[in-house]
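J.: mind folding the following:
(chains A and B)
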Amino acid sequence: MCISWCVGGGRETMTWTLVLVLSAIAYACKVTGLVIIGGRELPEVVDRCLNLIPAALVSALIVNSTIGGDDGIVVDARAVGVAAAILVATRRAPLVVVIVTGAAVTAVVRAVGLAP
Amino acid sequence: MSAVDATERSNDRSLAASCAVLGAAVGVFGIAFGVGSVAAGGSVAMTCAMSLLVFTGASQFSAVSVIASGGSTAAALAGASILAARNGVYGLAMSRTLRGSFFKRIVAAQITIDESTAMSTAQEESQAARVAFWWTGLSVYVFWNAGTLIGALAGNAIDPEKFGLDAAFPAGFVAMVIPHLRHRRGRRAAAIGAVICAVTMPFMPAGVPILCASVGVLVGVEKP
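T.: Numbers count the residues shown, from 1 in each chain, chains lettered A, B, ... in the order given. Predicted coordinates:
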């Protein structure tokens, strides 16, 4: 994650314009769903669809953060760690244990050089 | 029964512990963000303002990396905005849970992110869902901003990957998706979301595949 740009300088630099405009855009995205649309009564079919947002998006987040990389798909030590996390999660381990297992297995796989 | 059932049954203390672990992991990435932002030419004040105001990790990393690689402010904004758009979808999902006053909801909006939404929607009871949303959102907010400040001042990174922390997020999300897989509709929506994300990742810009995964919610169009 922090490989190329930590040492890089750029032609343009960070500006307050970037910070403030991005803040406005980010907040607008968050508040639109929650306050503006969220306060109304919606048809039943829309409600059923909204209830499925976490299932669809959280599973996409798992895929994205397990095999996502700068050049599309990257399979590395994370995949092993997440596989271990799935194993303990399906055996009713608490959230903390699932997270620690995923991170620890990934770190060990990297440390012994099995995968990057 | 599943991992998250344990969380559902547990008291506030263990729920708080879960939130703290999540927050601490996020905090390490906050340090990495602080370091990167200062390296890209941001002042300490600018860097901290970004974490306090933008508060969407993926968008912030994206904006800073575009600037660091010589991109324009407009290009940085475009990529970061696409990544921020999914929080709007989370807002839709959370509006069912967060029914408080208008003021409460405009505060809640700022902490409507991946972690708080996933943690909250994994709870079965609406009270637990609210508790999980606020604890997770506020814990991540505190750790992310503390990490950013440390990184911006220290200018020397802890490498999160060395500790496998980049796998902490997908691992946490695995535990959080399980309650949604108990019903056939949830399983279908999750499968569609995961497949669409994987298929679109190789050729779409970062953030877009997650938005595309929203198509999975159309499983709900069919009557039960």
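J.: B:Ile196 is in contact with B:Cys212, correct?
T.: Yes. Counting by C-beta atoms under 8 Å, B:Cys212 does reach B:Ile196; the two are 5.1 Å apart. For the C-beta atoms, the positions are set from N, CA and C on the backbone; glycine is no exception.
J.: more neighbours: which of those two?
T.: When neighbours are counted by other C-beta atoms under 10 Å in any protein chain shown, B:Cys212 and B:Ile196 differ, and B:Ile196 comes out ahead with 22 against 18.
J.: what strand or helix carries that one?
T.: Counting by DSSP states H and E, the element that carries B:Ile196 is helix B:184-200.
J.: give me the contacts around stretch B:120-128.
T.: The contact list for stretch B:120-128 (C-beta atoms under 8 Å, 6 or more residues apart in numbering or on different chains) reads A:54, A:58, B:4, B:7-8, B:15, B:93-94, B:97, B:129-133, B:136, B:175-180.
J.: give me the mean pLDDT for it.
T.: Throughout stretch B:120-128, pLDDT has a mean value of 87.
J.: and that stretch, what's buried?
T.: For stretch B:120-128, the neighbour count (16 or more other C-beta atoms under 10 Å in any protein chain shown) marks B:Ser120, B:Thr121, B:Ala122, B:Gln123, B:Ala128 as buried.
J.: any weak-confidence spans in chain B?
T.: Across chain B, the ranges flagged by pLDDT under 70 are B:1-11, B:156-158.
J.: what helices or strands is the helix or strand encompassing B:Ser51 leaning on?
T.: In the assignment (DSSP H and E), B:Ser51 maps to helix B:44-53. Using 3 or more C-beta pairs under 8 Å, 6 or more residues apart in numbering or on different chains; DSSP states H and E, the elements in contact with helix B:44-53 are helix A:16-31, helix B:12-39, helix B:57-68, helix B:126-154.
J.: not counting its neighbours along the chain, what's nearest residue 86?
T.: The chain I'm using is chain A. Using C-beta to C-beta, 6 or more residues apart in numbering or on different chains and skipping residues adjacent in sequence, the residue nearest A:Ile86 is B:Val174, 5.4 Å away.
J.: that's the other chain; I wanted chain B
T.: According to C-beta to C-beta, 6+ apart, the nearest residue to B:Arg86 is B:Ile210 (5.3 Å).
J.: tell me how far the one you found lies from B:Gly30.
T.: Remark: distance between B:Ile210 and B:Gly30 (C-beta to C-beta, to the nearest Å) = 21 Å.
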